[in-house]
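*Asks:* Quick check, what structure comes out for this input:
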Amino acid sequence: MSVLLRPQTANAPAKVKDTGLINLVKDGDAAYNAKSGELLLLPGGVLEHTRIKERLAARLFNDANLQRVDCGGDDAVFSLAERYVREWGDSALSYLDDRGREFRVLGWSKDTALAEVKTSEIMGAISHELKQISDRAEFSFIEEALPGGRSFSLLSPCESGSIGARPGFICKSCGRAALSDSPFEFRSEQPAKDEDMENLQEIQTPGANTIAELCSQLGIDIRRTIKAMLYVASDEEKATGLRPIASFIRGDYNISLNKLSDWLRKNHRLSRLRSAEKQELHDLFGEVAGYCGPVGLPENVVVVCDNSVRDAKNAVVGANHTGYHCTGCCYGRDFTSDITDIAQISQGSPCACGGSFEQTALREAGVIQFGLDLYADANLEHKNKTLQSDKKLSYRDRDGFHEYPAVWGGFISTEKILLEIGRLR
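*Replies:* Reported below is the predicted structural model:
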């Protein structure tokens, strides 16, 4: 009579902090190779992993029309789509490629709006089935900015050092999880909101070319400062030439390059955002390094402010020449510009609920993204790099030319899902 190999043990694998892995090993469903860092599935683990895969695949087919294939590479998936799209239409545009312990999701749409609808269907199907598989699982999709599109990571809280862990943030007050480039709902905390407007006044601040030194010299709260970050970007409508970019944010926040790049693409058709070099600063902005402010910039500069600047009153800003700042600066009176969310979430950032974000570890079990020509920004490739296909699907039939330029897709790690379910045993 056959007996299932299930070597249960009371001993956890040495130097392992991942509770899911520890539970799988103790229950005899897996082993751990410390040398390679690999999870080795035993018969019981294989059965559980197969159950997860089959349920997710069925749900994604039924709810999002993802065709399950076994291709092993993006080029092969593209070849299938190109071969069958004429006859099968939408059914040949959405694929779920089986790649061992993960699924590759890949497809094409006519525009980003349709790609967004498709990714919403996929995320809804995954979230629904995960709740059915384990109603205790804490997975959720967390949004991040992506130049030209959006990225959604499937995350769950975990111990630092867990397999698939990445840095993230969580608000202990409301439980909201976030990543550094997630949408930031700014909560106004301007220290001067009850003060009368002061006159804009230029003062000498020698050597105060950093926010820290400026606050030290003037003895002011960092929230009274507005700092500038200067960049250059390429104009997609011109073969040559760089556009100068000046972005402004409250002194205690930092700028998200992914958010800023996405905004510049959508509003000015600018790409390949990068920090301005020393000579470019001089040529495009003038002698402003360390002392740039939003009042009196050259007309060719694209200016954008973070939401944290919207209510600025009696703030200290650069005077746009070396060694000087201006006090009493007020948004709406002394300067105006486009306002958007370009802030990066970090330790201590305020949450909309009134609490604050604290750094934590989050297990990433998948990423779903959509956009037009993702990764055209060579210097701003998304840290996950899940969408590496730059092939636009196009073809001709007797009705004319058809094109599907909006790529969407990502990965779903069934191994990470297995580990999360193991954590909850």
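*Asks:* ok, which stretches of the stretch 1-150 of the chain are strands?
*Replies:* Remark: strands assigned in the stretch 1-150 of the chain by DSSP state E, counting those that start in this stretch are 30-33, 38-41, 67-69, 94-98, 102-109, 140-146, 149-158.
*Asks:* Out of those strands, the one nearest residue 312 is which?
*Replies:* Go through the strands of the stretch 1-150 of the chain one by one with CB to CB and the one that ends up closest to residue 312 is strand 140-146, at 23.0 Å. Any C-beta I mention is one placed from the backbone N, CA and C, and that applies to glycine too.
*Asks:* got a list of contacts for the helix or strand of the chain with the lowest mean pLDDT?
*Replies:* Per-element confidence for the chain was summarised using mean pLDDT, DSSP states H and E. The lowest value among helices and strands belongs to strand 393-397, with a mean of 78. Strand 393-397 has contacts (CB atoms under 8 Å, 6 or more residues apart in numbering) with 78, 81-82, 85-86, 93, 108, 401-405.
*Asks:* now, which of those sits nearest residue 283?
*Replies:* Taking CB to CB as the measure, residue 283 sits nearest to residue 405 out of these, at 35.2 Å.
*Asks:* these two touch, right, the closest one and residue 370?
*Replies:* No: because the distance of 11.6 Å does not satisfy CB atoms under 8 Å, residue 405 is recorded as not touching residue 370.
*Asks:* For the residue nearest to residue 223 when sequence neighbours are not counted, give its distance to residue 316.
*Replies:* Distance criterion CB to CB, 6 or more residues apart in numbering; nearest residue to residue 223, sequence neighbours excluded, is residue 191 at 5.3 Å. Remark: distance between residue 191 and residue 316 (CB to CB, to the nearest Å) = 12 Å.
*Asks:* what do you get for residue 92?
*Replies:* Taking CB to CB as the criterion, residue 92 is separated from residue 316 by 59 Å.
*Asks:* what's the answer for residue 331, then?
*Replies:* Using CB to CB, we find residue 331 at a distance of 13 Å from residue 316.
*Asks:* of the two, who's got more company?
*Replies:* Applying other CB atoms under 10 Å to residue 331 and residue 316 shows that residue 316 carries more neighbours, namely 27 against 21.
*Asks:* quick one, phi/psi of that one?
*Replies:* phi -100, psi 130 (degrees, to the nearest 10).
*Asks:* The closest residue to residue 4 other than its chain neighbours - how many residues pack around it?
*Replies:* Sequence neighbours aside, residue 43 is the residue nearest to residue 4 in space, at 5.2 Å (criterion: CB to CB, 6+ apart). Residue 43 has 13 neighbours, counted by other CB under 10 Å.
*Asks:* For residue 43, give me its contacts.
*Replies:* With contact taken as CB under 8 Å, 6+ apart, residue 43 is in contact with 4-6.
*Asks:* ditto for residue 61
*Replies:* For residue 61, the contacting residues are 67-68, 96, by CB under 8 Å, 6+ apart.
*Asks:* out of these, which is most surrounded?
*Replies:* Counting by other CB under 10 Å, residue 96 has the largest number of neighbours within the contacts of residue 61, with 25 neighbours.
*Asks:* residue ranges for the helices of the stretch 1-150 of the chain, please.
*Replies:* 19-26, 43-64, 74-88, 112-133 (DSSP state H, counting those that start in this stretch).
*Asks:* How many residues are close by the residue nearest to residue 52 when sequence neighbours are not counted?
*Replies:* Distance criterion CB to CB, 6+ apart; nearest residue to residue 52, sequence neighbours excluded, is residue 414 at 5.2 Å. Neighbour count for residue 414, taken as other CB under 10 Å: 26.
*Asks:* again with residue 7
*Replies:* One way to gauge burial is a neighbour count; for residue 7, by other CB under 10 Å, it gives 12.
*Asks:* got TSV for the helices of the stretch 1-150 of the chain, with distance to residue 150 and mean pLDDT too?
*Replies:* Rendered in TSV, the data for those read as follows (distance: least, CB to CB, whole Å; pLDDT from 0 to 100):
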stretch	distance to residue 150	mean pLDDT
helix 19-26	28	95
helix 43-64	17	97
helix 74-88	20	93
helix 112-133	7	94
